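Novice: Fold the following.
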Amino acid sequence: MAEKPQPLRILAVSALWQGANDYAYVRAFQRLGHSVSVVSSDRFVPDWQGRSLRAVRRLLMPKIVAEFNSALLAQAQATKPDLLFVFKGAYVKPETIAAIKSGGVVAINFFPDTGFADHGPYLPKAIGLYDWVFTTKTAGVADLAARYGCRNAGFVAHSFDPEVHAPLQLSSDDLERYACDVSFIGNISKKKCQTLQHVARRLPDLKLFIWGAAKWGQVPDLAHWFQGRAVWGHEYSKAIQASSINLGLLFEGGPSAPAGDQITSRTFHIPACGGFMLHERTEEALGFFKEGQESAFYGDADELVAQISHYLDHPALRARIARAGYNRALSSGYSVDVRVQQVLDTYRELLGAMPLSR
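Specialist: Below is the predicted model of the structure:
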């Protein structure tokens, strides 16, 4: 019988709120019995929205980043981790990674976005120091090698968190708050705005709910449908379940991105919650869910309008596809508990390649 791997001490750079994709990894590590300590940049970088406060934050950022890195180093010294797991790592300095690695620690970065140079000055300088970089964008692997000389990289798909993204019993209050014809939950971008504006103009009687950042409330034709806030954790899951159609709109990519999204975390969250998904048609997304059987898809804004009208008229078909999508998400291993094994397998390979002096 193979010997069971010993639990690891893991130092993670991650958010700490329910529903965060990075915190899902923290919880998955913990479910496997690993000891995880977290240093979250959210505790150092204030989420100030006012113009004057944002100006103050810009002036303070060098000191804030220095304090965050000092805390990360102190935690590494205290816990002596086996693995440094950094989710994105926009504020992690190169010298911090080097110092932690000098103790024989394996450093892995998990990057979920499209462009490595779109998140401040530290990440592009630090990315090549990680022992391995996981990217959720297939184009990201080649981009890492071409721009940053980083060849220790691989693709890992997004996932759902079984603690959060699951069917829930909805109350009458939940339905009053979240029930709608079509919803989109996510960040704003030019392409998403244009797509939703087209839908709103073509289907003026549609009950469209948009959940996300305050900027959605400034978009012509969409401000009326913006619900005034984002939804997180189980409220996010409830909003998905209560919506007849959940849109899988994709980000076109930041300024430094080699390509836009092919999939996103919502690609897996929506089916796992039991929601009906109408997703932008991409080759990658079609590889995870069968078109017309486990998810619906669209190619352009006109087809999106037609698909919305079609599926609103066929609730039984929606329910059948949503059920099949849910079953596919669970049976095909799209949960974070499966993805985290890929991270741990890579850790063990990297550890095995290290000098015995570790």
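
Novice: What is the burial count for Asp300?
Specialist: 11 (other C-beta atoms under 10 Å). From N, CA and C alone the C-beta is placed, and that goes for glycine too.

Novice: can you check Ser102 too?
Specialist: Neighbours of Ser102 (other C-beta under 10 Å): 8.

Novice: Ok, Asn246 next?
Specialist: Asn246: 26 neighbours (other C-beta under 10 Å).

Novice: likewise Leu330?
Specialist: Neighbour number of Leu330 under other C-beta under 10 Å is 15.

Novice: and what of Ile127?
Specialist: Residues lying near Ile127 (other C-beta under 10 Å) number 23.

Novice: quick one, what contacts it?
Specialist: Asn109, Phe111, Phe116, Val133, Leu144, Tyr148, Cys150 (C-beta atoms under 8 Å, 6 or more residues apart in numbering).

Novice: Now the second one: closest residue in space, sequence neighbours ignored.
Specialist: Spelled out, that is Phe111. Leaving aside its sequence neighbours, Phe111 sits nearest to Thr135 (C-beta to C-beta, 6 or more residues apart in numbering; 5.0 Å).

Novice: Kindly report the same for the fifth one.
Specialist: Spatial nearest neighbour of Leu144, excluding adjacent residues (C-beta to C-beta, 6+ apart): Cys150 at 4.1 Å.

Novice: So the one you found belongs to a helix, correct?
Specialist: No - counting by DSSP: H, G, I helix; E, B strand; the rest coil, Cys150 is not part of a helix but coil.

Novice: which parts of the worst-scoring helix or strand of the chain on mean pLDDT are buried?
Specialist: For the chain, using mean pLDDT, DSSP states H and E, the weakest element among its helices and strands is helix 138-148, scoring a mean of 89. For helix 138-148, the buried set under the neighbour-count rule, 16 or more other C-beta atoms under 10 Å, comprises Ala139, Gly140, Val141, Asp143, Leu144, Arg147, Tyr148.

Novice: ok, the fourth one - contacts?
Specialist: It stands for Asp143. Counted by C-beta under 8 Å, 6+ apart, Asp143 has contacts Phe116, Lys137, Ala257, Pro258.

Novice: among the residues you listed, which one has the lowest pLDDT?
Specialist: pLDDT is lowest at Ala257 among the contacts of Asp143; the value there is 76.

Novice: related to what we said a few turns ago, for the residue nearest to Leu144, the count of nearby residues, please.
Specialist: For Cys150, using other C-beta under 10 Å, the count is 20.

Novice: That one and Asp131 touch, don't they?
Specialist: No - counting by C-beta atoms under 8 Å, Cys150 does not reach Asp131; the two are 10.5 Å apart.

Novice: Which strands or helices does the one helix or strand Asp173 maps to pack on?
Specialist: Take DSSP states H and E as the rule and Asp173 turns out to sit in helix 172-178. In terms of contacts (3 or more C-beta pairs under 8 Å, 6 or more residues apart in numbering; DSSP states H and E), helix 172-178 is packed against helix 233-242.
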